[in-house]
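[1] What follows is a predicted protein model with its sequence.
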Amino acid sequence: MVTVVRGLGLLLAFLLELAVLAIGARWGWALDAPSAFRLLAAIAVPLLLAALWGALGSPKARVSLQPSAKRAFQGGWFVLGGAMLALLGYAWLGLVLVVAWVAVAVLLRRAPETAA
């Protein structure tokens, strides 16, 4: 059984993952390119991000990585989200995203997986 703290941590992690996908769409739309290309990028970037997350970063990823490699991938993924926010002119918000992910990751590592 999942504890309340772990459940909250998993929910926050999922919301942060969705935020990175939305940031990718916004970043794709903000490119200095013709509208058709911007629309394509706004669709393709989050799809590519989702495919990478599903293959390497998710708890049920298709490719089994060592725990340290998985954490490194996840960290890079959220730093990429923060960098896209910075490129959009929201550097502080990008920093908040990365710090929030670190806090949630620490919470999940410390929270027990089962209730005693």
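    Yes, it's here.
[2] Please report how far residue 20 lies from residue 112.
    27 Å (CB to CB, to the nearest Å). The C-beta positions use only the backbone N, C-alpha and C, and glycine is treated the same way.
[3] before we move on, what SS does residue 42 have?
    Three-state call for residue 42 (DSSP: H, G, I helix; E, B strand; the rest coil): helix.
[4] Contact partners for it?
    With contact taken as CB atoms under 8 Å, 6 or more residues apart in numbering, residue 42 is in contact with 25, 26, 28, 29.
[5] Recalculate using a threshold of 10 Å.
    24, 25, 26, 27, 28, 29, 30, 31 (CB atoms under 10 Å, 6 or more residues apart in numbering).
[6] thinking the second one is in contact with residue 40, fair?
    No. Here residue 25 lies out of contact with residue 40, judged by CB atoms under 10 Å, at a distance of 11.4 Å.
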